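Asks: Here is a sequence together with a model predicted from it:
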Amino acid sequence: KKKDSALRFTETARARILKSGGECLTFDQLALRAPKGSGTVLLRGPKKVREVYKHFGHRSTPTSVKTHDHVKPYVRSKGRKFERARGRRKTNGFKI
């Protein structure tokens, strides 16, 4: 029997938990049941899931100097004329 605790549950998540014989708790209910947190496991979603992280490069290393490779550009549109010219294609002079 699984007991889940969260700030809020969606209706479908609550229904699935209850259907499998589990229990949905708020954090204050959890604190009353396990004041020291014994027998509990804290889970958290991925930290870098925000869309802005796609635009950030990585730190350059001796093996990989190109910090802006495979980084999503901030562009107005995704068409033929936008960020497709020199510097983006090896056939047109250079590629960063």
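Replies: Nice, thanks for sending it over.
Asks: hey, let's count contacts and neighbours off CA atoms from now on
Replies: Will do.
Asks: that's a strand at Ile17, yeah?
Replies: No. Ile17: not assigned to a strand; according to DSSP: H, G, I helix; E, B strand; the rest coil it is helix.
Asks: Report the beta-bridge partner residues of the closest residue in space to it that isn't next to it in sequence.
Replies: Excluding its sequence neighbours, the residue lying closest to Ile17 (Cα to Cα, 6 or more residues apart in numbering) is Glu23, at 6.5 Å. Taking DSSP bridges as the rule, Glu23 bridges to Lys3.
Asks: residues touching Glu23, list them.
Replies: Lys1, Lys2, Lys3, Asp4, Ile17 (Cα atoms under 8 Å, 6 or more residues apart in numbering).
Asks: What score does it have for pLDDT?
Replies: If you check Glu23, the pLDDT there is 94.
Asks: All the helices of this protein, residue numbers only.
Replies: Remark: helices assigned in the chain by DSSP state H are 11-19, 27-33.
Asks: List just the one of those helices that sits closest to Lys95.
Replies: helix 11-19 (47.0 Å; Cα to Cα).
Asks: Which residues outside that closest one are in contact with it?
Replies: Here helix 11-19 has contacts from Asp4, Glu23, Cys24, using Cα under 8 Å, 6+ apart.
Asks: can you count the residues close to the closest residue to Gly93 other than its chain neighbours?
Replies: Counting by Cα to Cα, 6+ apart, Arg86 is the residue found nearest to Gly93 once chain neighbours are left out, at 6.2 Å. For Arg86, the neighbour count with other Cα atoms under 10 Å is 13.
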